[in-house]
Each structure stands twice: as structure tokens, then as C-alpha cells.
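Sequence and computational prediction follow.
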Amino acid sequence: MIVYEYPFNERIRTLLRLEDLYEKFKFFVQQEHPMQHHVALATIFDMLEVAGRADLKSDLLQELERQKQSLLAYRSNPAVAAEALDAILAELDQVSSALGAAQGKTGQNVRDNEWLMSIRGRTIIPGGACEFDLPSYYAWQKRPFDQRHADIMGWFGPLAPLCDALALVLRLLRDSGRPTKMIAASGSYQQMLQGKIYHMLRLGLDESLGAIPEISANKYMLWVRFTTQGGDLKPKSLEEDVPFELTLCNF
């Protein structure tokens, strides 16, 4: 099963982009080769670029508090598992406290590091981080894995509370929806949303179908057109019925 996600607003789009970068960072920072650590460092720069476009910290703190208050209302419901509810409330408190304790602008420690900023300035140039451009960076890349890993994790550290918060918010959002089995007749599906506000769409497909969804949506209508790839990998319209799972998520 392949799951495609589509954000309904810019705030969720930003969170999904940061989540994608965070997943890449976690993979590359654990690898041993200096080139892979270069990608991990470049990913931190990308995260700063995305996170700097909005006041994410305050938005996430507000959302975490809103989720906490919403869940507290279930304490008196006997149908709700008390242990599971207490666990998620404790996680909300922990993540919110860590994010609230983070000082200054997100990633300011990296921005204040002149050496890192010199690397960032060169990495936006194709091939700009060669040893003759940045000999000190080249020397750092030759250090043992443990030293490089510790340095990168130290630079990333102040970003960790933000990443933990967005991961929790997105998890709660994904858990809010229920999948429904649908059929796209002749490769096309439309649904009127009647002005109801959703934050994310999740679409699950059997990988063996070879179908690729192209999604567009607003608060009034959802439209999915399925395509497939030929030998040249260029998407082509799929004219057959396509079964899929649709999940509409909102807080």
C-alpha cells in the first residue's frame, strides 16, 4: 500500500515539508561516509529555510494546547481508555514544555555560526563546496565519524523540540481520520466537501495497480485524477476503474 498525502492549507504544507526534511536528516546523519554527512548538514540548512518562513513555534504551541484541552474533555467518558488518554496527554505536556523552553529564533545557533554560514553560502552554488573552496570544511569531513556525528547533532539540537512537536501534531492529525474505500470510475474521482474544513487528505493505493494520483482540493470540492507511467516515465491518463482508500483528516 502506498499512501499519498495532500495538505489543504499552507500551514500543514510547511509541516509536511519539514517532516520530509527531518526524515532525510535522520537517515543521512547515521551514515558514516563524509558525503552523507554533507547531505545531513545541507538538510539542516534546508530546514532553517522552511522553518524561517513562518512563526512555527507559536503555531505549534497553540495547536498542542488546543489538542490537550480537547482531549481533557474525554476524561469523563467511560468509553475512552484512561491509560491511553493519560499517555498522550503526558506526551503533549512533555513536547510542549520542551518547545516552550527553546530560546530565541529557531536555528539561531546555526545562523550565528560564521563557519556554518560560509558553508551554507557555498552549498547553494552547484559544486561550490569543493576542497579548494572550503578547505576547513574539507578537513572537517576527514575527521572520524563519531566527531562529525557529534558536531552535526550539536548543531541540530535546538531544532529537535520543533521536530518533535510537528511530528506529534501530524500524528494526531493523521489519526483523526477514518479510511473509506472508494472507486475512481475511469480513473477519475470527485467529491463535494460542502465547505467543511479539512487539513489533510490521505489516499492509499495498492502498489500493484501502478496508479499515481494527481490531487487538487479546496473547501468545496476534491478531485483526484489517476495516471500511470509508461516506459518514458511520463504520466499518462489511466482510463480504468481504480480502487483506493480515502481519509479526510481534521483537528
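Okay, I see it. Values in this document were obtained by computation on a predicted structure and should not be read as measured data. Residues are numbered from 1 along each chain as shown.

Can you list the buried residues in stretch 180-194?
Neighbour-count burial for stretch 180-194 flags 182, 184, 187, 189, 193 (criterion: 16 or more other Cβ atoms under 10 Å). Any C-beta I mention is one placed from the backbone N, CA and C, and that applies to glycine too.

In contact with the last one, which residues are there?
This means Leu193. Residues counted as contacts of Leu193 (Cβ atoms under 8 Å, 6 or more residues apart in numbering) are 217-222, 248.

and which of the buried residues of stretch 180-194 is nearest Glu131?
Gly187 (51.2 Å; Cβ to Cβ).

for that closest one, what are its contacts?
Neighbouring residues of Gly187 by Cβ under 8 Å, 6+ apart: 211, 225-227, 237-242.

Now for those: which two are most distant?
Taking Cβ to Cβ, the two most distant members of the contacts of Gly187 are Thr227 and Asp241; they sit 14.4 Å apart.

Compare neighbour counts for these two and give me the winner.
Between Thr227 and Asp241, Thr227 has the larger neighbour count (other Cβ atoms under 10 Å), namely 15 against 12.

Just the buried residues of the contacts of Gly187.
By neighbour count, with 16+ other Cβ under 10 Å, the contacts of Gly187 hold 211, 225-226, 238, 242 as buried.

Which of those fall within strands?
225-226, 242 (DSSP state E).

pLDDT and distance to Val50 for those residues - can I get that in TSV?
What follows is these, written out as TSV (pLDDT from 0 to 100; distance: Cβ to Cβ, whole Å):
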residue	pLDDT	distance to Val50
Arg225	95	28
Phe226	95	29
Val242	94	32
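
which of those residues lies closest to Ser58?
Relative to Ser58, the closest of those is Arg225; by Cβ to Cβ it sits at 37.4 Å.

residues in contact with the nearest residue to the closest one once chain neighbours are set aside?
Leaving aside its sequence neighbours, Arg225 sits nearest to Glu214 (Cβ to Cβ, 6 or more residues apart in numbering; 4.8 Å). By Cβ under 8 Å, 6+ apart, the residues touching Glu214 are 224-227, 235.

Show me the two of these that sit farthest apart.
Val224 and Pro235 (13.5 Å).

Neighbour count: the two, which is higher?
When neighbours are counted by other Cβ under 10 Å, Val224 and Pro235 differ, and Val224 comes out ahead with 23 against 13.

Could you check how far that one is from Leu16?
Per Cβ to Cβ, to the nearest Å, Val224 is found 18 Å from Leu16.

So what are the sheet partners of the lowest-mean-pLDDT helix or strand in the chain and their directions?
Here the helix or strand of the chain ranked lowest by mean pLDDT, DSSP states H and E is strand 235-237, holding a mean of 87. Sheet pairing for strand 235-237, assigned by DSSP bridges, gives strand 221-229 (antiparallel).
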